[in-house]
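1. here is a sequence with its predicted model. Questions after.
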Amino acid sequence: KSYLAEAEKLAKDIQSGFWCDYGGGYNAGINGCSDRYSDDSAWIVLAMLELYEITENLKYLEWAEAGCEYIMSCENDENTAPYGGIRWHESESCGTRTCSTAPTCLMNMMLYKITGENQYFKSATRLHQWAQDNGAQNMTTGLFYEGIDCNNQIDYVQLGYDTGPFLQAITIMYEVTGNINYLREAQHIAHNMVSSWVDGNTNALRQTGKWCGHDMTNALVYLYEVDKNQYWLDVAAGYLDFLYNNCKAENGLFNTSWDDTIGIGSTDIIDTASPARAFWTLAKTYSGTKPHGPVALFNDCNYGGYAVYLECGQYNINDMQFYGIGNNTISSVKVANGYTVKLYDNSGFSGSNLHCKSNISCLVNYGWNDKASSIIISHECEPDDITPMVQVNGSDWQVTTEINIETGDSILISPEPVDGNWSWTAPNGFYSTSRTLSSNAAITSFSNSYTATYTNACGAVTTKTFTLSIRNPSDKPQIRENLAIGKNVNANAFINGENPEKAVDGIVDNNSKWCTKTGHNTKNWLIVDLGDFYEVDTFVIQHSAAGGEHQSWNTRDYDILTSLDETNWKLQVDISDNSQSITRNVIDPVWARYVKLEVTDPTQNSDTAVRIYEFEIYSPFNSHCIAGDTTGKNGVPDCNVDLYDFNALAKSWLECSKYNEEACIEYIDMDNLEFFIKNWLSCEGNGCAK
């Protein structure tokens, strides 16, 4: 929350220091209204919209809408050349710059997504169409040029901050309309951004950060969130890894260009802000590695220039252009074992051809440099189809990838074939090497897209994405509540400032954890008093890395026990050799008031500290007895007001020395007594005492 406070203060400072009270818009310098730049205003509006999405404070939305109104006043009308597009700054009476038009298009789409007001959608699609109609977009690659001057002459410079915001805006257009043509265009643009600006050998981004890097990262990550193609994260991870390891000077500052390995570091704030933004954007995902695939095509010999990675399939000239491969541009090829690449001289897989079954560093040696116009990639063994087998609540098997269930349902996803190697990935760091996924009691937070990857015996790979949607029926709570939040808690030990209450405060960041350093040979424990009796079945623990610390400090061995009286405990969960950052343990429901976490081995290494950021406890729905139900048969609460409760209350009452609340409070809970009397009187004579 300290970061949010800082962000809100900065927003207020920007609004008071840069907003022009005479005509609107944001000035380039503080406390003035001279020659306002529309791109400056657009970037600030986008930041205000992000802040609104976090806070839902209408003030930031109002500021954003006012900024949008000014920027749209900079759109060229029918009497201005060129007609359409956004002028760069106030003193320009004609011409347009994509660095203004692109973020304005994105700004309008974000406003439409937030408000639903059609004027914003119309403005965004109009700017997008203008770029296509007036030559500001290269229709072969999908990339955007820098602008068009007052004489309708195109500035053919191409920078990522012109294309990135347009790419993100077009992705949102697909989100809100479902029109697959928008998604297809977005993917086409993204592939060509990669082939145009990412070095195929080093993975370096061959542009500056401020004019490409963070905007391209924003767009690629947003596209991944929509189409779930891991490749976009791999691209971003590749060039950010290169940037961090090769383009940072000894003083810790980054170079202006993200492929500059010898610079001394830039002292301009914008050259530090761009890497910071890009790193954080990727950090919100489960990241990636670097671009890879069974076949890589390069436009220079010795695997230089761009690299485009392809799977098995047929790629005609239009498909090649979609993936960023220019006609007659391939000069070297990398081929994984078992794969064959057939290069054809003509489109339509005709003319002379060359078969490549291994790496070729320079096609010049084969008389095939810059000749390929169509491509076929095959594997010596064909990939197997994945059959999606799904079982809900033990029912018959269903063959589907679209799974719609309710909270509390059991789910088993068991795709076929049975043999081979399997893995699963999903956003927020989910990864599994099991063939099956299952849950005894699903909750809404499990809703996600899960991608299964199957590798058969001869190495052919197949993937399939399952969409799991879990809804709360109207007769059940809208969320499955974490019972532990804010409850009374104690522990055997803790470090000053990292007390047990922080394990049940619902906060994972800012070092909010229970921590104790009593060593590997001590059994450390944490007990949560739920206050009432609950039927519990799920325990979630957020360990060290969930709070941003080392994975090697994740809890290794732990037990979870339950009790009705804090004296007699029953072991429910016994975990050894855990390494995950977030664990979820599901059991058959049991009644409990007290839940104990016992840590028997705190880390993966010799470190002795227990680090628990959150200990969460969940109950099946409608399985809650208030404390007024003091007991039942054999001392177990049964959610009935009956003679078991009467006997327990009477026994405690007889132990009192005086008949008043002050004297009896340590023997009997007066709230329990009042609850019992009220319910007993309401059912007496109707069978409640049997």
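-> That came in fine, so what should we check first?

2. residue 229: what's it in contact with?
-> When contacts are counted by C-beta atoms under 8 Å, 6 or more residues apart in numbering, residue 229 is found next to 187, 223. For glycine as for every other residue, the C-beta is placed from the backbone atoms N, C-alpha and C.

3. hang on, I meant residue 87
-> Contacts of residue 87 (C-beta under 8 Å, 6+ apart): 38, 74, 75, 76, 93, 94, 95, 96, 97, 100.

4. inside strands: which ones of those?
-> Under the assignment DSSP state E, the contacts of residue 87 contribute 96, 97 to strands.

5. only the buried subset of the contacts of residue 87, as a ChimeraX command please.
-> For the buried members of these, the matching ChimeraX selection, counting by 16 or more other C-beta atoms under 10 Å, is:
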select :38,74,75,76,95,96,97,100
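
6. mind putting the contacts of residue 87 into TSV with distance to residue 372 and pLDDT?
-> Below are the contacts of residue 87 laid out as TSV (distance: C-beta to C-beta, whole Å; pLDDT from 0 to 100):
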residue	distance to residue 372	pLDDT
38	43	96
74	45	95
75	43	96
76	42	95
93	48	90
94	44	92
95	40	94
96	37	95
97	37	96
100	39	97
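
7. just the contacts of residue 87: which are in helices?
-> 38, 100 (DSSP state H).

8. would you turn the contacts of residue 87 into TSV with distance to residue 559?
-> Below are the contacts of residue 87 laid out as TSV (distance: C-beta to C-beta, whole Å):
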residue	distance to residue 559
38	61
74	65
75	65
76	70
93	75
94	74
95	70
96	66
97	63
100	61
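
9. quick check, nearest of the contacts of residue 87 to residue 121?
-> residue 75 (15.3 Å; C-beta to C-beta).

10. need the helices for the chain, in chain order.
-> Taking DSSP H as the criterion, the chain carries its helices at 2-18, 38-55, 58-72, 98-115, 118-133, 160-177, 180-197, 214-227, 230-246, 269-283, 317-322, 643-654, 661-664, 670-683.

11. so for residue 29, which of those helices sits nearest?
-> Closest to residue 29 of the helices of the chain is helix 2-18 (C-beta to C-beta; 7.9 Å).

12. any idea how far residue 353 is from residue 574?
-> For residue 353, the distance to residue 574 equals 62 Å [C-beta to C-beta, to the nearest Å].

13. among the helices of the chain, which gets the worst mean confidence?
-> Lowest mean pLDDT of the helices of the chain: helix 661-664, a mean of 54.

14. need the helices of the chain in JSON lines with distance to residue 613, can you?
-> Shown next, in JSON lines, are those (distance: least, C-beta to C-beta, whole Å):
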{"stretch": "helix 2-18", "distance to residue 613": "17"}
{"stretch": "helix 38-55", "distance to residue 613": "21"}
{"stretch": "helix 58-72", "distance to residue 613": "30"}
{"stretch": "helix 98-115", "distance to residue 613": "32"}
{"stretch": "helix 118-133", "distance to residue 613": "40"}
{"stretch": "helix 160-177", "distance to residue 613": "32"}
{"stretch": "helix 180-197", "distance to residue 613": "35"}
{"stretch": "helix 214-227", "distance to residue 613": "25"}
{"stretch": "helix 230-246", "distance to residue 613": "25"}
{"stretch": "helix 269-283", "distance to residue 613": "17"}
{"stretch": "helix 317-322", "distance to residue 613": "44"}
{"stretch": "helix 643-654", "distance to residue 613": "38"}
{"stretch": "helix 661-664", "distance to residue 613": "41"}
{"stretch": "helix 670-683", "distance to residue 613": "33"}
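
15. which stretch among the ones you listed approaches residue 501 most closely?
-> Distance to residue 501, taken as C-beta to C-beta, is lowest for helix 2-18 among the helices of the chain, at 19.1 Å.

16. got the angle for the closest one vs helix 58-72?
-> On the basis of axes from the mean of the first three to the mean of the last three C-alpha atoms, to 10 degrees, helix 2-18 is oriented at 40 degrees to helix 58-72.

17. from the chain's centroid, how far away is helix 2-18?
-> Centre-to-centre, helix 2-18 and its host chain are 25 Å apart (C-alpha atoms, centre = their mean, to the nearest Å).

18. which among the helices of the chain is found nearest to residue 438?
-> Using C-beta to C-beta as the measure, helix 230-246 is the one of the helices of the chain that comes nearest residue 438, at 23.4 Å.

19. buried ones in the closest one, by neighbour count?
-> Buried, per 16+ other C-beta under 10 Å, within helix 230-246: 230-243.

20. that one - contacts with which helices or strands?
-> helix 214-227, helix 269-283 (3 or more C-beta pairs under 8 Å, 6 or more residues apart in numbering; DSSP states H and E).

21. got a list of contacts for the first one?
-> With C-beta under 8 Å, 6+ apart as the test, helix 214-227 has contacts from 160-161, 163-165, 167-168, 171-172, 174-175, 183, 186-187, 190, 193, 197, 205, 207, 229-230, 232-233, 235-236, 240, 273-275, 277-278, 281-282, 284-285, 427.

22. got it, and the longest one?
-> Contact with helix 269-283 is made by 208-210, 213-214, 217-218, 221, 233, 236-237, 240, 243-244, 253-256, 266, 288, as judged by C-beta under 8 Å, 6+ apart.

23. and the buried ones among the residues you listed, selectable in PyMOL?
-> The buried subset of the contacts of helix 269-283, as determined by 16+ other C-beta under 10 Å, is captured in PyMOL by this line:
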select buried, resi 208+209+210+213+214+217+218+221+233+236+237+240+243+253+254+255+256+266+288
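
24. just give me how far stretch 21-28 sits from the chain centre.
-> Mean C-alpha position of stretch 21-28 versus that of the full chain (C-alpha atoms, centre = their mean) differs by 35 Å.

25. now that stretch: mean pLDDT?
-> 91.

26. what of stretch 561-573?
-> Here the average pLDDT along stretch 561-573 is 93.

27. so which of the helices of the chain is nearest residue 601?
-> Nearest of the helices of the chain to residue 601, taken as C-beta to C-beta: helix 269-283 at 29.0 Å.

28. also compute the angle for that closest one relative to helix 214-227, please.
-> 20 degrees.

29. just the strands in the stretch 251-400 of the chain please.
-> With DSSP state E, counting those that start in this stretch as the definition, the stretch 251-400 of the chain shows strands at residue ranges 295-300, 304-310, 313-315, 332-335, 339-346, 350-356, 374-379, 389-392, 398-399.

30. ok, and what's touching the fourth one?
-> Right, the one you point to is strand 332-335. Contacts of strand 332-335 (C-beta under 8 Å, 6+ apart): 294-298, 300-304, 341, 343, 356-363.

31. if we use 6 Å, what do you get?
-> 295-298, 301, 303, 341, 356, 358-362 (C-beta atoms under 6 Å, 6 or more residues apart in numbering).
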